[in-house]
Each structure stands twice: as structure tokens, then as C-alpha cells.
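In: Next comes the sequence, and after it the predicted model I'd like to discuss.
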Amino acid sequence: METARLRAFIETADRGSVKAAADSLGYTPSAISQLITALEKELGLTLFVRSQKGMKLTSEGSEMLPLVRAYLNHEEEIYIFAEELKGVTRGRLAIATYPSVATTWLPEIVRRFKNDYPGIQISLMESIKSDIVHHFEQNEADLAFLAYSEPFPYEWIPLAESNVIAAVPEDHRLAGKKSFPIAECENDDFIMGSWGREMEIWEILNKNGVHPELKYTTYDTPATLAMVRMGLGTSFVNELSAQFWNEHLVKLPLDPPQKITFGVSFPAKERMTGAARKFLDYTLQYFGK
């Protein structure tokens, strides 16, 4: 199967238009249209609904998308491995990660890795846990950095722990205390990241039989802490994600203490690219594993 047709299909699906796919791949829009038409003819399927608004996948196209991604990933593995055998490393590496890891540990790991393998292009995809799992399911990520929880059908290696803390406004009634009793969050408006789907925080609340009133949800910790600073409520966050936020709010350890274990994950070692395996080695070295 001609891979140019498959790459035209992927780019058009991801970008929603023939012109955007053409710009990305360095083709003319006419060439992209011809490649997609040829692929549809070869498969005997209609992959896109075409309209003035752009290109939208049909149900058949949506089902084909993860298979085509996997096919192209395996093709690239062949070329990467061949280059490695010649002593030259090139390719791409996609890493799905919590924003907290992306802004703390990962920059140094990437720096060390790029010093030795400058030919590898690295993409960081900052995501919540459900999106990270989706990236794996769609063959979009080679590695991921996240906390573990059941069910999780992928390989996972623990790396380091981070305390979970309470973030409260400066004028909060407990701001001068040494710790924040977990049950006290029931007396405040509660703010939660990950659009309210921060599973590690929900596990802590459920384990302690606590049911705060969830008034606000955000995507990431900076937005959560900005709202805390404005006096809109309190929040529980992992200490790693809050380490650069030290003004106009108070951070307190929880009582009883709570921790989150972060780790690195991958779909399966036998399916890892050479770049992913090497980056995993650098990650384990960084954490002394």
C-alpha cells in the first residue's frame, strides 16, 4: 500500500482540510485530493465527507484512522532501526504527560537526551489521564508520564512520589495552621483540575469519606491556583505541580498525609521504537532506577 496516500489521509483527518494537509506535507491541494481519492478507490471505501467547511471523516474513515496510524508507525520503526544499525539515529518521539511533569522533570531529561540524539524530534502532549490513555489507544504516543490507577492495561514503571497539598487563599481560616485536615474541604467551595476528572484527588476524597462541594473545574493547575489566589475556593493539588506558585496563596500538607506516585508508561516494550527505548533509559537514569 502506498504510504503517501496513507499520510495524506492522516494529515487531512487531523487538520480537517485538504489545503492544511497539503501545507503540512509539502504537496499541492490537488495532489492531496488525488492521493485520498486513490486510497478510497483502493480500499473501496468513502473515507471523508467533503463540504465547503472542510473534510470530515465518515464512520468508516474513523474506524480506519487508528489502523493507518499503527501501520505508519511500524513503517517508521523499520527506517529508524535501519538508521540505528548504521550508527545514525533519527525519527520522532511523542510523549503524553501530565502538565506538572512537563514543567518540572521532563525538560532536564529532554536536554540530556537531545545532547546525545539531536536528530530525534520530540513532541510533548500535555494531557489529563483519560486523554493520555486515548493517545495510547490511537497509537499517538510512544511514552507517557502519569500516576497509576486501575484499570490500566499498559506497562508502568514507578519513578517518584509527590505529596498532595491543600492550596488555600491567604486569608483562609486555616492559612496559619501547620496542616489542612482533609475533611475541612467540605466547608469550602472546592476547585478541581482536569475538568473535574482528577482521579488521584477523587481517590483521596473517597478514601477519606469526604464530599466537598465542587464549585469550579479547570484544565490545569495554574488555572486552579489562580482561582484560589482570588479567594474563589480551596483545592487539593500535587506538590510537584504547585512548586512554582508561592505568592498570594498558602500551601499546606494534608492531614492525614497523602502522596501520588508518578511513573512512566508505554504500550508494550516489543512495540517501542528505538527512540522511545532510549528515552526510557534516560528517564530511568534520571530517577536513579
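Out: Alright, I've got the coordinates.
In: Would you map the helices across the stretch 151-289 of the chain?
Out: Here the stretch 151-289 of the chain has its helices, by DSSP state H, counting those that start in this stretch, at 199-207, 221-229, 274-286.
In: could those be laid out in TSV, adding distance to residue 250 and mean pLDDT?
Out: Bear in mind the C-beta positions are built from the backbone N, C-alpha and C, glycine included. Conversion of the helices of the stretch 151-289 of the chain to TSV gives the following (distance: least, Cβ to Cβ, whole Å; pLDDT from 0 to 100):
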stretch	distance to residue 250	mean pLDDT
helix 199-207	18	91
helix 221-229	9	93
helix 274-286	31	91
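In: by contact count, what packs against the strand ranked longest in the chain?
Out: Criterion DSSP state E: the longest strand present in the chain is strand 155-168. Contacts defined by 3 or more Cβ pairs under 8 Å, 6 or more residues apart in numbering; DSSP states H and E place strand 155-168 against strand 180-181, helix 199-207, helix 221-229, strand 235-238, strand 250-255, strand 259-266.
In: Most tightly packed of those?
Out: Mean neighbour counts were taken over these using mean count of other Cβ atoms under 10 Å, and the top value, a mean of 26, falls to strand 235-238.
In: follow-up on the earlier one: out of the helices of the stretch 151-289 of the chain, the one nearest residue 107 is which?
Out: helix 274-286 (11.0 Å; Cβ to Cβ).
In: who's in contact with that closest one?
Out: For helix 274-286, contacts defined as Cβ atoms under 8 Å, 6 or more residues apart in numbering pick out 77, 80-81, 84, 89, 91-93, 95, 105, 108-109, 112-113, 117, 120, 142-143, 157, 159, 264, 266, 269, 272.
In: And the buried ones among those, selectable in PyMOL?
Out: To isolate in PyMOL the members of the contacts of helix 274-286 that are buried, counting by 16 or more other Cβ atoms under 10 Å, one can use:
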select buried, resi 77+80+84+89+91+93+95+105+109+113+117+120+142+143+159+264+266+272
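In: check contacts around residue 169.
Out: Residue 169 neighbours (Cβ under 8 Å, 6+ apart): 175, 228, 229, 230, 231, 234, 249, 250.
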